[in-house]
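Asks: predicted model and sequence below, questions to follow.
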Amino acid sequence: MELGFRLRIPAIQASCQLNFAWRNSFQESNKNNNLFAGMLCAKQHVVRQRVTSWFDASGRNELLFFVALVDWSGRSIQFVLAVLNRHLFRIFSLFATVHAFDFREVRMRSAILLSVAILLSNALVQAAEVDDALAAIKAVKREGAGNETAAARWKELVKAGPAAIPSILAAFDGADATAANWFRSAVDAIAENEGKAGRKLSADTLESFVKEAKNDPRARVFAFELLDRTDPDARKRILPVMINDPGAGIRREAIEHAIKAADVSSDNSNEKLRAAFGKLFVAARDVEQVEAIAKKLKAIGAGEPDVIKHLGLITRWEVAGPFDNSGLKGFAAPLPKIEAWKEHATGHDRGLVDLYTATGKTKGVKDKKKDGVYALCRTVIESPTERPAHIRAGTENAIKIYFNGQEMFGREEYHHGQKLDQHVANVTLKKGKNEILLKVLQDEATQEWTVDWHFHCRVCDEIGGAIPMTVVTAPKAIPVAPKPMPMEDKK
Amino acid sequence: MNSLRTIACMLIVGTVASAAEWTQFRGNGTAVSNETGLPVKWGKDQNIRWKAELPGRGLSGVVVAGGRAYVTACDGPDQTRLYVLCFDAKTGTKLWQRSIWATGGTNCHPKTSMAAPTPVADGKAIYALFATADLVAYDTDGNLLWYRSLTGDYPTITNQVGMASSPVLAPGALIVPMDNSGESFLAGIDLKTGKNLWKAERPREINWATPAIRTAGGKTEIIFQGQEELVAYDATNGQRRWSYTGEGGRSSIPSPIVGPDGEVLTPGGDLVALKPAEEGQTPTVLWKASKLKGGGYPTPLYYQGCVYALNSTGILVCGDGKDGKELWRERVKGPIAASPVAADGRIYIVNEKGLTSVVKLGDKPMIEAENDLGDDILATPAIANGCIFLRSDKFLYCIGSK
């Protein structure tokens, strides 16, 4: 039906007798407009199925129709484009005789209305194509299944030009990483084509998208990148009020902007700087930014902020081991039953736990041999509510993360670098006590750079912010400061 | 005696790349171009035909096909923005630029980056693999042909030192090496759809070597090596045809190369020249040369009958391609990450500080020029269209007379 309508658009122009746009709220439409009442009732179930993601059940929904009536051999044909909240969801056509309007009155304005309607209709038909293309790209599956269709549809997206950008950005919502990259590349191409034609993207559209916190975080950051290229002054305008943005990417941009602004401020007395950077420290979620701000605060006499608390780093553990990992068999080995845990608290300023210290195992290579071993590290946190969270761990060794008895993450890789937030497990904390268990493995390699065996771990929200929780493990353990570690070299 | 050998080597005509194209890592795999009249001397203000700014870092080499120069780059927080760029090879005009997000891990040694593998161009499309295991193909106008998140497909893929093996082109397939600490494989990828034609299991070991293509007896083989062994795979289906282990393991950074007579040279404890036998048979060892083992990052070079091994500190050793005997050695300025390339009787060696030593070959080697761009360069140069292409972390240079 939609295809038929698209094909007939040019042909109906000469014989079209009436065009008009009809606007009303969704809730009122069934009751108050007789012309469409029957049709809407008939299609209502279809509408509900197709617009789930566009329909705001709690708020006001705008339903927009564009209608063309054609006198064809004495019969009226209606073409109706229905749009809910700017998303085209249906194109109807049906045969009917219209009685509800005075045609003579409307005919006087028909030329103007016709033009407007044709333009709008074309735009909406294009919107339908864009929506179809977006859906086809979202349908790409693993190992490239659907790539051929997606490639053809990608070209349609690019051909649709800048008008398609809002829809493409909106389509990031719910898109997997593969689809997101198809979309990103399409917007790249559109933006580039516009640039070559000497045109700019709509800064207003991009800015509105960036500002709407409900939009997909990836798409918002991408929209910001586009906005930054289109309107370099936009960052000064919008970023200062976004340092607490719920999206990690936008927040990172905003804090980066604020750090630079504070550093070059003409009114940069230490007191004002301390206040400015103190505020930024509270807002920062990116680990590099947190570290940079902490360093700045220390330099300007504001003391050392509590980075461990800010990042949600866990310093108190119960440790068991070492267990056998010769031949790297420990990674897949079932968890042993632990009769007695040994309490351990780290005094490292970033929560690094040295497992030689914690387990009491001798560190280093002896007789050109090093034992392959693993340790189990357990902590219990108490959450005041049920909520999603990240368990983020870093180690240069292989690791498994268990949460409340379930294996959530595993990475069998040894001595390939170590950093905070290296590995992430998505979990849902239950209200009350939750157990985090780490299996941290060491291999038998004997090179000097394979000797280290440590980890750090934090619990945070999805953008890296500490969450309300209490660590109940090893409350009385005396913190042990490990020897200088690579992280300290970084600072 | 050595002089006579050198002259003899110089008289042998080896297989060389097409004059105008440089389509993948080390050109067509030989790192040799039959271009002549290339510039010998250049500098910041000399013989720079054009220079283009890049959006971010990269160790990937430039590839040139159909009059277009392609390069990859990365930037953004944690190197999560991955770029493919296309330039007019003659003018340096940027024709298009596309970006994707990294979908695999971006942890790596600070020396490398996510734009480490060199892309492949076949005149119809550009195929770019990133260290994040993101694989993307664009046509020559920048239209997205297909995209694969290989970590989406195979989630255990990981190499937190940073992957760098480059894809190569075989008849009808893009060959993608994916040796890492997780699910490892060598895959033949359909050029039109990006789907797997075949996928051969590989050891779960990190590896930075790039496969070589060898054609003999109507069969095309993919010669690929890791820490333990070198394996020849049938390019049509990924089946193992033969392998070589040797002593002391194989190199996982310098790549194997194929000589003009189909011999395979495999870097490792020694540089070993192999004469492959029939399918499934152990290859014959032609010679082993400890003095040609190189060391560090550069892949050896076979040029005009001689084998050139370069180590990362700058020792260039020339050996006879027939028996591996050392003929001479020369020191150039290091440190060096890029592999040497050759054309018109010269070897071009670029070091990490952007200084290119131009070594004139002959009875005795002569360092003809040391051309300093003062820019960080870890990528292997490309030679095409009468120019030498160098890419730094910030710029793409086209070296050639204007």
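Replies: Yes, it's here. Numbering: from 1, shown residues only, chains lettered A, B, ... in the order given.

Asks: for the rest of this, base every contact and every neighbour count on C-alpha atoms.
Replies: Fine.

Asks: and B:Asp323, that one's in a strand?
Replies: No - assigned with DSSP: H, G, I helix; E, B strand; the rest coil, B:Asp323 falls outside any strand and is coil.

Asks: counting neighbours, what do you get for it?
Replies: By the measure other CA atoms under 10 Å in any protein chain shown, the count of residues near B:Asp323 is 14.

Asks: how close does it get to B:Ile315?
Replies: Noted for B:Asp323: a distance of 20 Å to B:Ile315, by CA to CA, to the nearest Å.

Asks: are we agreed that A:Glu343 is in a strand?
Replies: Yes - according to three-state DSSP, A:Glu343 belongs to a strand.

Asks: can you give me the strands for the stretch 1-150 of chain B?
Replies: Ranges of strands in the stretch 1-150 of chain B, per DSSP state E, counting those that start in this stretch, are B:32-33, B:48-53, B:63-65, B:68-75, B:81-88, B:94-101, B:120-121, B:125-129, B:134-139, B:144-149.

Asks: so which of the ones you listed gets nearest A:Leu169?
Replies: Shortest distance between A:Leu169 and those, using CA to CA, is found for strand B:94-101: 14.2 Å.

Asks: for the closest one, packing partners?
Replies: When contacts are defined as 3 or more CA pairs under 8 Å, 6 or more residues apart in numbering or on different chains; DSSP states H and E, strand B:94-101 sits against helix A:177-196, strand B:81-88.

Asks: mind putting the ones you listed in a markdown table, mean neighbour count included?
Replies: Output for those, formatted as a markdown table (neighbours: other CA atoms under 10 Å in any protein chain shown):
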| stretch | mean neighbour count |
| --- | --- |
| helix A:177-196 | 22 |
| strand B:81-88 | 22 |
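
Asks: so can I have JSON lines of these showing mean pLDDT?
Replies: Shown next, in JSON lines, are these (pLDDT from 0 to 100):
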{"stretch": "helix A:177-196", "mean pLDDT": "97"}
{"stretch": "strand B:81-88", "mean pLDDT": "98"}
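
Asks: show me the strands in the stretch 301-450 of chain A, by range?
Replies: Counting by DSSP E, counting those that start in this stretch, the strands of the stretch 301-450 of chain A are A:316-324, A:342-345, A:353-354, A:373-383, A:387-394, A:399-403, A:406-411, A:423-429, A:432-442.

Asks: name the helices or strands packed onto the following helix or strand past the last one?
Replies: Per DSSP states H and E, strand A:432-442 leads on to strand A:454-460 as the next helix or strand towards the C-terminus. Strand A:454-460 sits against helix A:307-311, strand A:353-354, helix A:355-359, strand A:387-394, with contacts defined as 3+ CA pairs under 8 Å, 6+ apart.

Asks: so which of these is the most packed in?
Replies: strand A:353-354 (a mean of 24; mean count of other CA atoms under 10 Å in any protein chain shown).

Asks: residues touching B:Ala20, list them.
Replies: For B:Ala20, the contact set (CA atoms under 8 Å, 6 or more residues apart in numbering or on different chains) comprises B:35, B:64-65, B:383-386.

Asks: repeat that for 7 Å
Replies: For B:Ala20, the contacting residues are B:384-385, by CA atoms under 7 Å, 6 or more residues apart in numbering or on different chains.

Asks: then B:Asp190?
Replies: B:172-174, B:196-197.

Asks: circling back to that earlier point, what's the closest of the helices and strands packed on strand A:454-460 to B:Ala115?
Replies: Closest approach to B:Ala115 among the helices and strands packed on strand A:454-460 (CA to CA): strand A:387-394, 23.8 Å.

Asks: that closest one vs chain B: in contact?
Replies: No - between strand A:387-394 and chain B, judged by CA under 7 Å from any CA of the partner chain, nothing touches; the nearest distance is 11.3 Å.

Asks: output the strands of the stretch 1-150 of chain B in JSON lines; the columns should cover distance to A:Gly247.
Replies: Below are the strands of the stretch 1-150 of chain B laid out as JSON lines (distance: least, CA to CA, whole Å):
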{"stretch": "strand B:32-33", "distance to A:Gly247": "50"}
{"stretch": "strand B:48-53", "distance to A:Gly247": "31"}
{"stretch": "strand B:63-65", "distance to A:Gly247": "38"}
{"stretch": "strand B:68-75", "distance to A:Gly247": "20"}
{"stretch": "strand B:81-88", "distance to A:Gly247": "17"}
{"stretch": "strand B:94-101", "distance to A:Gly247": "16"}
{"stretch": "strand B:120-121", "distance to A:Gly247": "36"}
{"stretch": "strand B:125-129", "distance to A:Gly247": "29"}
{"stretch": "strand B:134-139", "distance to A:Gly247": "24"}
{"stretch": "strand B:144-149", "distance to A:Gly247": "24"}
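
Asks: no more questions from me, cheers.
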